[in-house]
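[1] need the 3D shape of this:
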Amino acid sequence: MTASLILASSSPFRRMLMENAGLTFSAIAADIDERAIEAPLEREGAGPDAVALVLAKAKAKEVSERFPGSLVIGSDQTMSLGSEVFHKPKDRADAANHLSRLSGKTHRLNSAIAFAKDGDILWEHVSHAELTMRDLSAEFIDRHLMRVGERALGSVGAYQLEGEGIQLFSGIDGDYFTILGLPMLPLLQKLRELGMIDG
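    Reported below is the predicted structural model:
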């Protein structure tokens with residue numbers, strides 16, 4: 001291996017996916033203001049894919065400038081219902097509103113990854129997953145949020161698919177890694193192409 005590998009993230013889920021895949025890397029959070037980067041994109045009407053990709057590239061670029069010679073992986077995920085981009089719920093009432101609006105509909109998770117070295121973007125990719133939520137009554141949403149508590153505020157859709165959130169769904173089209181926010185199959189393929197891991 002000619003360069004060190006860095007994951008520009010503090011996400012325990014993304015770190016776990018990389019560790020489980022047998023990768024040797026450091027995890028260093030990017031020092032960027034995500035909302036400040038996102039705001040003008042939303043004003044300009046940027047789509048959810050573009051928002052996720054811009055943020056993934058910003059994270060990879062910022063960390064790669066601080067660690068010369070390292071290959072840095074940036075990632076970000078947006079959730080969209082049609083053209084509307086969702087953000088993490090602010091409180092339980094906001095989480096209930098999210099689930100109510102997603103009830104009976106199919107939404108999309110847009111998971112972007114970008115590789116950077118010395119401030120230059122080398123590669124970028126976006127994977128998608130489509131998730132169909134079953135029809136949920138207001139009473140069920142309330143009981144569900146009572147059970148999961150603060151965990152509902154930790155994800156953009158107000159659910160964790162790897163936990164009780166799975167009960168909210170009637171159908172899922174997409175891979176597990178994309179849903180968790182780090183599309184591992186294209187990521188590993190690119191690392192092999194770059195000679196960073198055994199091919």
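[2] every contact and neighbour count from this point should use C-alpha atoms.
    Will do.
[3] next SSE after the longest helix seen in the chain?
    In the chain, assigned by DSSP state H, the helix with the most residues is helix 48-66. Using DSSP states H and E, the helix or strand that follows helix 48-66 towards the C-terminus is strand 71-81.
[4] give the pairing partners of that next one; include direction for each.
    Strand 71-81 has its sheet partners listed here by DSSP bridges as strand 5-7 (parallel), strand 84-86 (antiparallel), strand 106-117 (antiparallel).
[5] which of those is buried the deepest?
    Looking across the strands paired with strand 71-81 with neighbours counted as mean count of other Cα atoms under 10 Å, the highest average goes to strand 106-117: a mean of 25.
[6] low pLDDT regions in the protein?
    1-2 (pLDDT under 70).
[7] the helices in it, which residues?
    For the chain, the helices defined by DSSP H occupy 12-20, 34-43, 48-66, 92-102, 138-148, 176-180, 184-193.
[8] just to revisit the earlier point, what's the angle between the longest helix of the chain and helix 34-43?
    Helix 48-66 runs at 140 degrees relative to helix 34-43, counting by axes from the mean of the first three to the mean of the last three Cα atoms, to 10 degrees.
[9] helices or strands next to helix 48-66 in the packing?
    In this structure, helix 48-66 makes packing contacts with helix 34-43, strand 71-81, strand 106-117, strand 120-133, judged by 3 or more Cα pairs under 8 Å, 6 or more residues apart in numbering; DSSP states H and E.
[10] okay, that helix in CSV with CA atoms only?
    C-alpha atoms of helix 48-66 as CSV (Å, rounded to 0.1, in the frame of the first residue of the first chain):
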residue,chain,number,x,y,z
PRO,A,48,-30.8,15.3,-3.5
ASP,A,49,-28.1,13.4,-5.4
ALA,A,50,-26.2,16.7,-6.1
VAL,A,51,-26.5,17.8,-2.4
ALA,A,52,-25.1,14.4,-1.2
LEU,A,53,-22.3,14.5,-3.7
VAL,A,54,-21.2,18.1,-2.9
LEU,A,55,-21.1,17.3,0.8
ALA,A,56,-19.2,14.0,0.3
LYS,A,57,-16.6,15.8,-1.9
ALA,A,58,-16.3,18.7,0.6
LYS,A,59,-15.5,16.3,3.4
ALA,A,60,-13.0,14.3,1.4
LYS,A,61,-11.3,17.5,0.1
GLU,A,62,-11.0,19.2,3.5
VAL,A,63,-9.4,16.1,5.2
SER,A,64,-7.2,15.4,2.2
GLU,A,65,-5.7,18.9,2.4
ARG,A,66,-4.8,18.3,6.1
